[in-house]
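Engineer: Kindly return the folded structure for what I paste below:
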Amino acid sequence: MAKALLGHVGGFDPRVQAEMRRLQQRVQDLESELVRMQAENDALSAAARHDSVFEDIDVTTAEPALT
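Structural biologist: Predicted coordinates for the structure are as follows:
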């Protein structure tokens, strides 16, 4: 099992290492974007709750997506 996860016995292929680094960077970028979007969503939700135009709208309950 370890061989399947780490590659062949001779060690890592440089191409595999480069791809792994690229994928790890992509994961970090996506995690950063997720944190940013969650903060933006929280700010928009808070603004919507305090905005007098939207007082009658309950933003805490989710609605089903249109399909």
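Engineer: Go through the host helix or strand of Asp29 and flag the buried ones.
Structural biologist: Using DSSP states H and E, Asp29 falls within helix 14-50. Within helix 14-50, no residue is scored as buried using 16 or more other CB atoms under 10 Å. For glycine as for every other residue, the C-beta is placed from the backbone atoms N, C-alpha and C.
Engineer: I'd like the numbering to begin with 30 instead of 1 from here.
Structural biologist: OK, 30 is where the count begins now, so the last one is helix 43-79.
Engineer: Let me see the mean pLDDT of that helix.
Structural biologist: Average pLDDT, helix 43-79: 91.
Engineer: elements contacting that helix?
Structural biologist: Using 3 or more CB pairs under 8 Å, 6 or more residues apart in numbering; DSSP states H and E as the contact test, no helix or strand touches helix 43-79.
Engineer: and stretch 48-66, C-alpha only, in CSV?
Structural biologist: C-alpha atoms of stretch 48-66 as CSV (Å, rounded to 0.1, in the frame of the first residue of the first chain):
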residue,chain,number,x,y,z
GLU,A,48,2.3,17.9,-9.8
MET,A,49,1.9,17.3,-6.1
ARG,A,50,3.3,20.8,-5.3
ARG,A,51,1.0,22.3,-7.9
LEU,A,52,-2.0,20.5,-6.4
GLN,A,53,-1.0,21.5,-2.8
GLN,A,54,-0.8,25.1,-3.9
ARG,A,55,-4.2,24.8,-5.6
VAL,A,56,-5.7,23.4,-2.4
GLN,A,57,-4.2,26.3,-0.4
ASP,A,58,-5.6,28.8,-2.9
LEU,A,59,-9.0,27.3,-2.7
GLU,A,60,-9.0,27.2,1.1
SER,A,61,-8.0,30.9,1.1
GLU,A,62,-10.8,31.7,-1.3
LEU,A,63,-13.3,29.8,0.8
VAL,A,64,-12.3,31.8,3.9
ARG,A,65,-12.6,35.0,2.0
MET,A,66,-16.0,34.1,0.6
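Engineer: Perfect, I'm done here.
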